[in-house]
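Novice: A predicted structure for the sequence below; I have some questions about it.
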Amino acid sequence: MGGVHVIEHPLVQHKLTLMREVGRSTKGFRQLLNEIGMLLCYEVTRDLPLEQIEIETPLTKMQAPMLAGKKLVFAPILRAGVGFLDGMLELVPSARVAHIGLYRDPKTLVAVEYYFKAPHDIAERLVIVMDPMLATANSATAAIERIKERGARDIRFVCLLAAPEGVAKLRAEHPDVEIWTASIDSHLNDHGYIVPGLGDAGDRMYGTK
């Protein structure tokens with residue numbers, strides 16, 4: 001599928017299976033989401049540009065690679081997207097963070113915004129929007145639209161699970177935004193949940209249901 005990257009690394013798939021299990025504790029789920037976020041970060045940043053700089057080791061001077069240009073912005077969609085954040089910041093502690101507060105209306109499934117805060121220079125940075133679930137894609141498309149309104153043009157989307165319906169909608173509305181996910185599941189049910197999925201990621205993270 002064009003513009004969609006399914007991460008099949010064994011550690012990612014193993015941790016995803018653990019997270020799907022209905023009996024997984026809140027603590028265990030949250031820890032696994034943090035760990036898998038770090039692994040997904042490796043994949044979504046695999047092609048970042050490098051430049052050669054001169055450094056001095058204990059033995060000699062040398063040319064060595066460093067990230068080129070502006071750094072990253074991590075943009076979690078509240079609240080579940082925050083579960084990825086700590087793991088990604090462990091890898092890229094210099095990254096800026098944008099917060100996008102959206103909730104899904106339970107009747108219409110439309111995304112409703114309640115908070116937005118982003119770095120002033122977001123237009124000059126690669127923005128990685130993150131949310132564990134790409135279900136209807138209403139939240140993802142709304143979040144990306146807000147990021148674009150602030151000038152961002154280099155955007156990637158990372159999720160744990162995706163439904164074919166959500167992938168199709170996000171690619172249709174934002175064909176310039178590529179998707180990284182650990183799995184594309186079967187379908188959405190009548191309530192907009194991914195099947196087989198893992199339930200509501202936010203509720204499982206925070207023990208709110």
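Specialist: Received, thanks.

Novice: Skipping adjacent residues, who's closest to residue 105 in space?
Specialist: Closest residue in space to residue 105, ignoring its immediate chain neighbours: residue 112 at 5.7 Å, by Cβ to Cβ, 6 or more residues apart in numbering. Yep, even glycine has a C-beta here, placed from its N, CA and C like the rest.

Novice: low pLDDT regions in the chain?
Specialist: 1, 70, 109 (pLDDT under 70).

Novice: residues making contact with the top helix by length along the chain?
Specialist: Assignment by DSSP state H gives helix 26-44 as the longest helix of the chain. Residues from elsewhere that reach helix 26-44 (Cβ atoms under 8 Å, 6 or more residues apart in numbering): 5, 7, 9, 11-12, 15-16, 18-19, 24, 83-88, 90-92, 128, 130, 132, 156, 158, 160, 180, 182, 201, 204-207.

Novice: Mind giving me the ChimeraX command for buried ones among the residues you listed?
Specialist: Selection of buried members from the contacts of helix 26-44 for ChimeraX, criterion 16 or more other Cβ atoms under 10 Å:
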select :5,7,12,15,16,19,24,83,84,85,87,88,92,128,130,132,156,158,160,180,182,201,204,205,206
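
Novice: measure the residue nearest to residue 105 to residue 163 for me?
Specialist: Separation of residue 112 from residue 163 (Cβ to Cβ, to the nearest Å): 20 Å.

Novice: Please apply the same query to residue 148.
Specialist: Relative to residue 163, and taking Cβ to Cβ, residue 148 is found at 23 Å.

Novice: same thing with residue 2?
Specialist: 17 Å.

Novice: higher neighbour count, those two?
Specialist: The residue with more neighbours, out of residue 2 and residue 163, is residue 163; 24 against 6, by other Cβ atoms under 10 Å.

Novice: so the more buried one makes contact with residue 183?
Specialist: No. The pair residue 163 / residue 183 is not scored as a contact, 10.0 Å apart, by Cβ atoms under 8 Å.

Novice: give me every residue that touches the residue nearest the centre of the chain.
Specialist: The centroid of the chain falls nearest to residue 130 when counting by Cα atoms, centre = their mean (2.4 Å). Applying Cβ under 8 Å, 6+ apart, we find residue 130 in contact with 37, 74-77, 81, 84-85, 88, 157-159.

Novice: beta partners for it?
Specialist: Here residue 130 shows beta-bridge partners residue 76, residue 158, assigned using DSSP bridges.

Novice: Helix, strand or coil: sort out residue 23 for me.
Specialist: Put simply, residue 23 is coil when judged by DSSP: H, G, I helix; E, B strand; the rest coil.

Novice: cool, and residue 169?
Specialist: helix.

Novice: ok, it - how many residues close by?
Specialist: Neighbours of residue 169 (other Cβ under 10 Å): 18.
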